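**Q** Below is the sequence, then the predicted model.
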Amino acid sequence: MGRFGVTAWAAGLASAAAVALTVGVPARGAGNGDGGDSRIQRGFAIAPVELNLEGKNRGLVGLGSYLVNAVGGCNDCHTNPPYAPGGNPFLGEPKQVNAAHYLAGGMAFGPFISANITPDSSGRPEGLTLDEFKEVMRTGVDPDSGMLLQVMPWPVYGQMTDRDLEAIYAYLTEIPHAEPAAP
């Protein structure tokens with residue numbers, strides 16, 4: 001086997017092992033709605049605000065929290081300032097998210113200001129239905145202006161699965177409404 005054959009064989013073996021580890025092992029707690037997925041439990045553990053889970057799909061909300069708080073970094077742009085006083089990890093402080101203005105927008109990026117993506121009075125994140133939310137995430141078209149969002153990494157988020165986007169939306173509907181911080 002040549003040098004490239006060994007590399008391909010090793011990559012195939014590593015891929016097979018990864019699939020066996022993630023797919024072939026039955027999930028703990030199957031049948032309770034959350035599938036025992038560790039990302040769901042981690043999502044609940046890292047949610048910086050209290051969640052309203054009454055009558056909700058816990059698994060979807062927990063996964064959404066994981067995607068928003070551990071993968072997407074939504075807080076960094078949609079919370080102003082992102083961290084509470086004394087809780088900025090970039091200053092060597094123990095991380096503490098600014099829960100008072102969590103995902104309420106107001107962060108300036110040149111001429112662009114991040115949107116408030118907390119639920120409005122109808123309970124919808126930024127007032128969007130699930131279908132409208134998916135459309136924004138996939139196309140980057142701002143529903144208010146019709147223009148392309150220039151700062152949000154929608155080309156990346158748009159590659160997420162429908163279930164991922166549904167989970168993010170489910171999570172965003174369960175966080176408390178917040179207002180942006182005063183400039």
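**A** Yep, that arrived. Numbers count the residues shown, from 1 in each chain.
**Q** just for the protein, where's the confidence low?
**A** 1-36, 183 (pLDDT under 70).
**Q** Walk me through the domains of it.
**A** 1-27, 31-174 (automatic domain parsing).
**Q** Adding distance to Pro180 and mean neighbour count, write those domains out as a markdown table.
**A** To be clear about C-beta, it is placed using only N, CA and C from the backbone, and glycine gets the same treatment. Putting those into a markdown table (distance: least, CB to CB, whole Å; neighbours: other CB atoms under 10 Å) gives the following:
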| stretch | distance to Pro180 | mean neighbour count |
| --- | --- | --- |
| domain 1-27 | 39 | 9 |
| domain 31-174 | 3 | 17 |
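**Q** Tell me who's in contact with the residue most central in space within the chain.
**A** Residue closest to the mean C-alpha point of the chain, counted by CA atoms, centre = their mean, is Val68 at 1.8 Å. Val68 makes contacts with 74-75, 103, 168, 171-172, as judged by CB atoms under 8 Å, 6 or more residues apart in numbering.
**Q** Is it correct that it falls within a strand?
**A** No - counting by DSSP: H, G, I helix; E, B strand; the rest coil, Val68 is located in no strand; its state is helix.
**Q** Apart from its chain neighbours, what residue comes closest to it?
**A** Nearest residue to Val68, sequence neighbours excluded (CB to CB, 6 or more residues apart in numbering): Cys74, at 4.8 Å.
**Q** Does that neighbour touch Ala115 like I think?
**A** No - the criterion here is CB atoms under 8 Å, and Cys74 misses it with Ala115 at 10.8 Å.
**Q** Checking Ala100 next. Helix, strand or coil?
**A** On the three-state scheme (three-state DSSP), Ala100 is labelled helix.
**Q** May I have stretch 74-82 as CSV, with CA atoms only?
**A** The C-alpha coordinates for stretch 74-82 follow below in CSV (Å, rounded to 0.1, in the frame of the first residue of the first chain):
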residue,chain,number,x,y,z
CYS,A,74,-25.1,34.3,19.0
ASN,A,75,-24.5,36.2,22.3
ASP,A,76,-21.3,37.8,21.0
CYS,A,77,-23.3,39.9,18.4
HIS,A,78,-26.8,39.9,19.7
THR,A,79,-26.1,41.0,23.3
ASN,A,80,-24.8,44.4,24.1
PRO,A,81,-22.4,44.1,26.0
PRO,A,82,-22.1,40.3,25.7
